[in-house]
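Colleague: sequence first, then the predicted structure:
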Amino acid sequence: MKIAEIFLRKPTTVSFEIFPPKPDAPFAPVLDAINRLSALRPDFISVTYGAAGVHRGCTMEIAEHIAACGIAALVHLTCIASSPKETDDILEALKERHLRNVLALRGDPPVGDPPFGYPMLAGKIFAKDLVERIKSSGGFCVAAAAYPEGHPECPNRALELFYLKEKIAAGVDFLITQIFFDNAFFYGFLEELDRAAVALPVSAGIMPVFSQKQVERICALCGASIPKKLRLLMDKYGHSQDEMQKAGLEYASLQIEDLLEHNVRGVHLYTMNRPELAEFLVANTKLRQAL
């Protein structure tokens, strides 16, 4: 099923994200995580393309396993490190496997390469170019990323919204946001979209904090800020993994409850391949009523 159809029939969707194992890591734990997440009956599960667009070989296999569990699979696809032909080949392979939901991302260059340093991609490319290519291939539902606090590479908010509208005009069906820890940023972003006459469903990206080092690293990469309340929790409990996880889950629970009270169109949990985090949040918030 195309995920856009799920948004049409439900007021609020619930979804999870997982990532493929590293090349030297076992595959079984990822499949076990999918089985546990699928038992919660989310509306869809997304699977990333691998760090910086590399190690992407098992993404489709993981997506097939998700689909075999009776859950819609959303396959991440990046374009910065792929030629147009490689992208077309991937899209054909997705069609052959009956995987028709794609999250279109520009992606980051592999570590050590300069931005946009690939000969086949002379000059800058953007996610809208990939959206156009996917739509021209036919038959795909396309999601795109959104940044409630602004894209870290675009200091001009007006320009960023211009690019987002270009991406949407290319054929995006719904948006998933980068993580945020202050819901005010998300609500402000929705107001910006409303003023820009953008009416697409937007799913709020939430990541439960279970490690101080983990959240600081991810925030540095994506540009998300750490509000004072969360910083105080990290300072208090960061020395203990167990205590930090308990505090992080409580913080995420409060975020989710507030989002649901504001009738958000979707909540997308970045599970970090730890199904127990999603299980806790579903059991202890009104997410269970949305499933």
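Modeller: Alright, I've got the coordinates.
Colleague: only C-alpha atoms from now on, for both contacts and neighbour counts.
Modeller: Fine.
Colleague: can you give me how far the helix or strand of the chain with the lowest mean pLDDT is from the chain middle?
Modeller: In the chain, no helix or strand scores lower on mean pLDDT, DSSP states H and E than helix 212-222, which sits at a mean of 86. Taking CA atoms, centre = their mean, to the nearest Å, the mean C-alpha location of helix 212-222 is offset from the chain mean by 15 Å.
Colleague: equivalent analysis for stretch 259-270, please.
Modeller: The answer for stretch 259-270 is 13 Å, by CA atoms, centre = their mean.
Colleague: burial of Asp182, as a residue count?
Modeller: Neighbours of Asp182 under the rule other CA atoms under 10 Å: 18.
Colleague: let me redo that: Pro152
Modeller: Look at Pro152: counted by other CA under 10 Å, it has 12 neighbours.
Colleague: just to revisit the earlier point, who touches the least confident helix or strand of the chain?
Modeller: Helix 212-222 has contacts (CA atoms under 8 Å, 6 or more residues apart in numbering) with 151-152, 178, 209, 225-226, 234, 238, 244.
Colleague: just the buried ones from the residues you listed?
Modeller: With neighbours counted by 16 or more other CA atoms under 10 Å, the contacts of helix 212-222 contain buried members at 151, 178, 209, 225-226, 234, 238, 244.
Colleague: which ones among the residues you listed are found in helices?
Modeller: If you go by DSSP state H, the buried ones among the contacts of helix 212-222 have 234, 244 in helices.
Colleague: which member of the buried ones among the contacts of helix 212-222 is positioned nearest Arg100?
Modeller: Arg100 has its nearest neighbour among the buried ones among the contacts of helix 212-222 in Gln178, at 22.2 Å by CA to CA.
Colleague: tell me how far that closest one lies from Val264.
Modeller: 15 Å (CA to CA, to the nearest Å).
Colleague: do you know how far the nearest residue to Phe210 once chain neighbours are set aside is from Tyr237?
Modeller: Distance criterion CA to CA, 6 or more residues apart in numbering; nearest residue to Phe210, sequence neighbours excluded, is Gln245 at 4.0 Å. Look at Gln245 and Tyr237: by CA to CA, they are 9 Å apart.
Colleague: and for Leu193?
Modeller: According to CA to CA, Leu193 and Tyr237 sit 37 Å apart.
Colleague: check Ile80 too.
Modeller: 39 Å.
Colleague: which one of the two has more residues nearby?
Modeller: Set Ile80 next to Tyr237 and count neighbours by other CA under 10 Å: Ile80 wins out with 25 against 19.
Colleague: helix or strand for the more buried one, which one?
Modeller: Using DSSP states H and E, Ile80 sits within no helix or strand.
Colleague: tell me the confidence at it?
Modeller: For Ile80, the pLDDT comes out at 78.
Colleague: can you offset everything so residue one is 37?
Modeller: Happy to do that; since the first residue is 37 now, the last one works out to Ile116.
Colleague: break down the stretch 37-186 of the chain into its helices, ranges please.
Modeller: 39-45, 64-75, 95-104, 120-132, 163-173 (DSSP state H, counting those that start in this stretch).
Colleague: grab the nearest non-local neighbour of Ser261.
Modeller: Excluding the flanking residues, the one nearest Ser261 by CA to CA, 6+ apart is Cys255, at 6.5 Å.
Colleague: can you count the residues close to that neighbour?
Modeller: The number of residues packed around Cys255, counting by other CA under 10 Å, is 16.
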